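Chemist: next come a sequence and a model predicted from it.
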Amino acid sequence: MTFSQVFITQQTSQPQTPTKRLPTNFELGVLLLLFKMIYLLSTNSYIITIKTIVVIKWKCRTYKQ
């Protein structure tokens with residue numbers, strides 16, 4: 001959230017000119033890619049944690065038996 005807020009403040013500080021539209025759009029695309037990467041990483045870590053929990057539970061069951 002803080003990263004997007006910083007980006008918004010930078011965008012508002014820049015003068016609104018038609019020449020500045022292309023770089024801002026490019027920056028938005030880069031931001032989207034970054035957010036996608038962070039989202040994928042978070043989901044992957046979430047799946048990994050679920051897998052580890054399941055494995056630990058399965059090992060505990062086999063150990064009890």
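Modeler: Thanks, I have the structure now. Here the structure is a predicted model, which is why all the values come from computation and not from measurement.
Chemist: shaky segments in this protein?
Modeler: 1-23, 63-65 (pLDDT under 70).
Chemist: for stretch 30-38, buried residues please.
Modeler: Within stretch 30-38, no residue is scored as buried using 16 or more other Cβ atoms under 10 Å. Just so you know, the C-beta spots here come from the backbone N, C-alpha and C atoms, and that holds for glycine as well.
Chemist: may I have it as CSV, with CA atoms only?
Modeler: Provided in CSV are the C-alpha atoms of stretch 30-38 (Å, rounded to 0.1, in the frame of the first residue of the first chain):
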residue,chain,number,x,y,z
VAL,A,30,5.7,-1.8,-14.4
LEU,A,31,3.7,-1.4,-11.2
LEU,A,32,1.1,-3.9,-12.4
LEU,A,33,3.9,-6.4,-13.2
LEU,A,34,5.4,-5.8,-9.8
PHE,A,35,2.1,-6.4,-8.0
LYS,A,36,1.5,-9.5,-10.1
MET,A,37,4.9,-10.9,-9.1
ILE,A,38,4.3,-10.1,-5.4
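Chemist: where exactly do the helices run in this structure?
Modeler: Assigned by DSSP state H, the helices in the chain fall at 2-13, 21-64.
Chemist: packing partners of the longest one?
Modeler: So that's helix 21-64. helix 2-13 (3 or more Cβ pairs under 8 Å, 6 or more residues apart in numbering; DSSP states H and E).
Chemist: switch to 6 Å and redo it
Modeler: Where contact means 3 or more Cβ pairs under 6 Å, 6 or more residues apart in numbering; DSSP states H and E, helix 21-64 is not packed against any helix or strand.
Chemist: how far away is Leu41 from Thr24?
Modeler: Note on Leu41: its distance to Thr24, by Cβ to Cβ, to the nearest Å, is 26 Å.
Chemist: correction: Val55
Modeler: With Cβ to Cβ as the criterion, Val55 and Thr24 are 46 Å apart.
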